[in-house]
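J.: Take a look and give me a structure for this.
(chains A and B)
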Amino acid sequence: MGAAALDALRAQIRALEGAPAIDRTRLPWGVPAVDGLLGGLPVPGIVELSGPEGSGRARVALALAARICRRGGRVAWVDPLRRLYPPAAEDLGVPLDRLLVVRPTEDGTAPWAWATEQLLRSGCFGLVVVDHPGHNPRERAFSHAWARAAEHGGAVAVILARKPLRTLPADVRLAVGSGRLFVSRDRSGTSGRSGALPTLDDRCSPWGSP
Amino acid sequence: MLSVGFPVKVRRYLAVHLPAFRLERCGYGADDVVALIAEERGATRLVATTPGARRAGLRRGVTATEARALVPEVVLIPHDPVDELADRAELVRAFEALSDRVAFPWDDSLLLEITHIQSVDPQVSGEQSLVRRALDLANDLGHAARAAVADDPVAARAIAEWHAPDGGSVVVVAGDGARALAPLPIAALALDPELAAALQAVGVDTIGRFAALDPAAVAGRYGSVAARTHRVARGGTARGVVVERPVDPGRPSAWVAMAGATTRQEIGFVLPGLLADLADRLASLDQAAVRLRVVLRLEGGAGGARTSAVVVRVGRPTRAVKTLERLVRARLDRLEIEAPIDELGIEVVESAIDTGWQPGLTDRTEDREPLPDLLARLSDQLGDDALFTPIRADAWRPEAAWAPARFPRPELAVVRPADRADRTDPVAIQEERERGLPLPRPSLVLPTAERIELVVQGSGPTEQPVRARLDHAWHPVDQASGPERLCGEWWLPSPLDRTYWAIQVQARGLWVYRDRAGWWLHGYFD
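T.: From the prediction side, this is the model:
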């Protein structure tokens, strides 16, 4: 079933349920090479950015965060692994006073997954980035909750994962590796495309463009 | 002047004027150009200023925009009434060392009743000595102060604010209030602005001229409030009552019998009514809830009755039933009901004066949760330290180059003049230049550095990583940038001495360093 037909079906279901129509727009990432591949991100929506640590996922997410903040929005970074380095985020253009970092003090999946859902649902944050710790048996339950919460709050969720999360109902799946960005899934029809991972700024990588 | 041998029926009051209290409690000094702002009459206005700001030409009531236009370097701090109330209470407690009757009835002045001090406390020799102790106490607590003693609270405060020298005091002999007040401007009586304007329009610009008016004419023309103030201007007292301690509202609470309920639906059914009761009790005290405690009294087993309780934090002080219900329901959704419920109660653990709340332009309507409520819920569930915004910090160790701060930070805070780099200072220019020199920093830094195996080529200053063990396999290092040596904190048992490299392995960017213990993986250029 095509993407347009799926969206139309969803709109019909929402009309029957009496829920307000969702205004799906495409948000430019703000990086020409990424926008050239995707044509923008679906808002609201869920984006998966998978790849090993050091492949460049976080700086791609931070570029989007910088763009959201420049438009006056706020960004939440859910950091159960406690590894976001804020000075680097600021160097990449994210104003720290518009960035909320969430580091649950309790171990386990429930706290950060619940926090992600609340942040998405609230409508207070245009972007919620999650540094996903890895696969979990309850993945399907809370990732579907994220999708509903993102729709309710009109937000974008970007999930950074080491490997693709099969149960995540992502609107866009991007894989990062070998210095390239691969679009493995996009409901708008750009699946299968790839491009060089751009150097967003000299300060984000010591080696310049690959 | 010492006051000696006054009739017992004359009460004596010590007013301690703290001209910059509302900003000093925020960490600023009397000479700083700082103002407190709040929403008033449909605009963001100055509600308090430091003496430094007043000298620069800023006044209470001016809008924030006008203030910035007049004095661009002014620092504007949003007013936090809950925090300020707590600080006032602390100050009152501190001054209870000098008198058992202390109040903080004005924005910037404390009042102590000291009528019986001399006869009760043998160590205190005269009002002058007590005044000196009060000023020393204020200074010890970090506040600039002036003080005055008089027969009436309003007179004492007026003299402290307008006549006493900075850091000094005036003690008015009993019965001499009129002479002490006469030369002061009419504004010293803190009259209603319309009344003050009306008096000034007819040439009454000093308290002496006000006192010279006929009392009956003042009462007839300007009302009873003006008449009471007129009595003070003539040396009388407007209040013959003892200074009372602020009323402790206690802990308003509301309870309902649950008759052995076991499901959340049953709790949900009674919750609106229970919260409406609680809201009525808060309204009668003009208070709003800041923290609630929801208590379930459970049917006991062998050990008797038990209770289960959770604390619910409210983002912004409120007594709106709909907001409180949403927060309590969200909290109760995650609570296990271990036994049938005998009684359900909600107690107000912390409350604040109800200042009302107007949604700002960036706040959503009720179907999207306001940010303060969201943050309160998240803090309740995840812990106080789990939510923060990072701020840069000056530190030798890269992992200490930032610190958590409260989110959101005040949006209208202006960088203080001292924080701006002096563009003509050669040291500042050089420091700014050097900031651009070090290698970039990775976006992910591990909470604890991990051991990594590296093969290096060369030794000493020419040492460079050439192979790295990653994911259980050896790989060549494709690119390496460095070395960057970070050392410092020589005064500590384990001083910092690390040599960093940014290496690229299998198209992945790693941040590694070597110290005396070997090679460590510290972060990823992710």
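J.: Report pLDDT for the residue in the stretch 51-200 of chain B positioned nearest to chain A.
T.: The nearest approach of the stretch 51-200 of chain B to chain A comes at B:P78, 13.6 Å away (CB to the nearest CB). No exception for glycine: its C-beta is placed from N, CA and C like everyone else's. pLDDT recorded at B:P78 is 86.
J.: isn't it right next to B:A38, touching?
T.: Yes - with contact defined as CB atoms under 8 Å, B:P78 reaches B:A38; the gap is 7.1 Å.
J.: Could you report the neighbour count for the residue of the stretch 51-200 of chain B closest to chain A?
T.: 15 (other CB atoms under 10 Å in any protein chain shown).
J.: do B:D471 as well
T.: Neighbourhood size, B:D471 [other CB under 10 Å]: 9.
J.: and it, what is it in contact with?
T.: If you count contacts by CB atoms under 8 Å, 6 or more residues apart in numbering or on different chains, B:D471 has them with A:P52.
J.: what's it sitting at in phi/psi?
T.: For B:D471, the backbone dihedrals are phi 50, psi 50 (criterion: degrees, to the nearest 10).
J.: Please report how far it lies from B:Q506.
T.: 8 Å (CB to CB, to the nearest Å).
J.: Overlap of the contact sets of these two?
T.: When CB under 8 Å, 6+ apart defines a contact, the residues bordering B:D471 and B:Q506 alike are A:P52.
J.: which ones are touching the closest residue to B:A279 other than its chain neighbours?
T.: Distances taken as CB to CB, 6 or more residues apart in numbering or on different chains put B:R319 closest to B:A279, at 4.4 Å, once the chain neighbours are dropped. Residues counted as contacts of B:R319 (CB under 8 Å, 6+ apart) are B:278-279, B:282-283, B:287-289, B:354.
J.: ok, the residue nearest to B:R25 when sequence neighbours are not counted - how many residues close by?
T.: Spatial nearest neighbour of B:R25, excluding adjacent residues (CB to CB, 6+ apart): B:D87 at 4.6 Å. B:D87 is flanked by 17 other residues according to other CB under 10 Å.
J.: May I ask which helix or strand encompasses B:D87?
T.: Counting by DSSP states H and E, the element that carries B:D87 is helix B:81-95.
J.: Might you calculate how far stretch B:186-201 sits from the centre of the chain?
T.: Distance, stretch centre to chain centre, for stretch B:186-201: 32 Å (CA atoms, centre = their mean, to the nearest Å).
J.: again, but for stretch B:254-274
T.: For stretch B:254-274, the distance to the chain centre is 36 Å (CA atoms, centre = their mean).
J.: Export only the CA atoms of it, formatted as CSV.
T.: Backbone C-alpha positions of stretch B:254-274 (Å, rounded to 0.1, in the frame of the first residue of the first chain) are rendered in CSV as follows:
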residue,chain,number,x,y,z
ALA,B,254,-9.2,17.0,52.5
TRP,B,255,-10.2,13.4,53.2
VAL,B,256,-12.9,11.1,52.0
ALA,B,257,-13.9,7.6,53.2
MET,B,258,-13.4,4.9,50.5
ALA,B,259,-15.1,2.0,52.3
GLY,B,260,-12.6,-0.6,51.0
ALA,B,261,-12.2,0.6,47.4
THR,B,262,-9.7,-1.5,45.4
THR,B,263,-9.6,0.1,42.0
ARG,B,264,-8.2,3.3,40.5
GLN,B,265,-11.7,3.9,38.9
GLU,B,266,-13.1,4.3,42.4
ILE,B,267,-10.4,6.7,43.3
GLY,B,268,-11.0,8.6,40.1
PHE,B,269,-14.6,9.0,40.9
VAL,B,270,-14.1,10.8,44.2
LEU,B,271,-11.0,12.8,43.1
PRO,B,272,-12.6,15.8,41.6
GLY,B,273,-14.8,16.4,44.7
LEU,B,274,-11.9,15.9,47.0
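J.: pLDDT averaged over it - what is it?
T.: Here the average pLDDT along stretch B:254-274 is 83.
J.: Need the nearest residue in space to B:G383, chain neighbours excluded.
T.: Nearest non-adjacent residue to B:G383 (CB to CB, 6+ apart): A:T105, at 4.1 Å.
J.: does that neighbour sit in a helix, a strand or a coil?
T.: Put simply, A:T105 is coil when judged by DSSP: H, G, I helix; E, B strand; the rest coil.
J.: list the contacts for it?
T.: B:382-383, B:385-386 are the contacts of A:T105 under CB under 8 Å, 6+ apart.
J.: thinking again about what came up before, so which of the contacts of B:R319 wins on neighbours?
T.: B:A289 (28 neighbours).
J.: Could you measure from that residue over to B:V74?
T.: 34 Å.
J.: do B:D100 as well
T.: Look at B:D100 and B:V74: by CB to CB, they are 40 Å apart.
J.: ok, now B:A180?
T.: Taking CB to CB, one finds B:A180 at 35 Å from B:V74.
J.: again, but for B:Q506
T.: Distance of B:Q506 to B:V74, computed by CB to CB: 54 Å.
J.: ok, these two, which is more surrounded?
T.: Each of B:Q506 and B:V74 has its neighbours counted (other CB under 10 Å); B:V74 has more, 25 against 18.
J.: For that one, give me its contacts.
T.: By CB under 8 Å, 6+ apart, the contact list for B:V74 reads B:33-35, B:53, B:56, B:58, B:67-68, B:414.
J.: Which residue ranges of the stretch 201-350 of chain B form helices?
T.: For the stretch 201-350 of chain B, the helices defined by DSSP state H, counting those that start in this stretch occupy B:207-211, B:215-222, B:224-233, B:264-284, B:321-332.
J.: ah, wrong one, I meant chain A
T.: A:3-17, A:32-38, A:57-70, A:86-91, A:109-122, A:139-153 (DSSP state H).
J.: just those: most buried one?
T.: helix A:57-70 (a mean of 24; mean count of other CB atoms under 10 Å in any protein chain shown).
J.: Tell me the helices and strands packed up against that helix.
T.: strand A:45-50, strand A:75-78, helix A:86-91, strand A:127-131, strand A:156-161, strand A:172-177 (3 or more CB pairs under 8 Å, 6 or more residues apart in numbering or on different chains; DSSP states H and E).
J.: what's next to the shortest one, contact-wise?
T.: The set of residues that contact strand A:75-78 without belonging to it, under CB under 8 Å, 6+ apart, is A:65, A:68-69, A:84, A:94, A:98-102, A:112, A:115-116, A:119, A:125-131.
J.: if you set the cut-off to 6 Å instead, what comes out?
T.: A:65, A:68, A:84, A:99-102, A:112, A:115-116, A:119, A:125, A:127-130 (CB atoms under 6 Å, 6 or more residues apart in numbering or on different chains).
J.: tell me how far it is from the chain's mean position?
T.: Worked out by CA atoms, centre = their mean, strand A:75-78 lies 10 Å from the chain centre.
J.: Partner strands of that strand, with direction?
T.: Strands adjacent to strand A:75-78 in the sheet, as given by DSSP bridges, are strand A:99-102 (parallel), strand A:127-131 (parallel).
J.: What's the mean pLDDT across the shortest one?
T.: Strand A:99-102 shows a mean pLDDT of 96.
J.: And the longest one, by the same measure?
T.: Mean per-residue pLDDT for strand A:127-131: 96.
J.: Quick check: chain neighbours aside, which residue is closest to B:W501?
T.: Leaving aside its sequence neighbours, B:W501 sits nearest to B:G482 (CB to CB, 6+ apart; 3.7 Å).
J.: sec struct for that neighbour, please.
T.: strand.
J.: go on, the one 3 residues further on?
T.: For B:R485, the secondary structure call by three-state DSSP comes out as strand.
J.: what sits opposite it in the beta ladder?
T.: B:R485 has these beta-bridge partners by DSSP bridges: B:T499.
J.: Near it, how many other residues are there?
T.: Neighbour count of B:R485, defined by other CB under 10 Å: 12.
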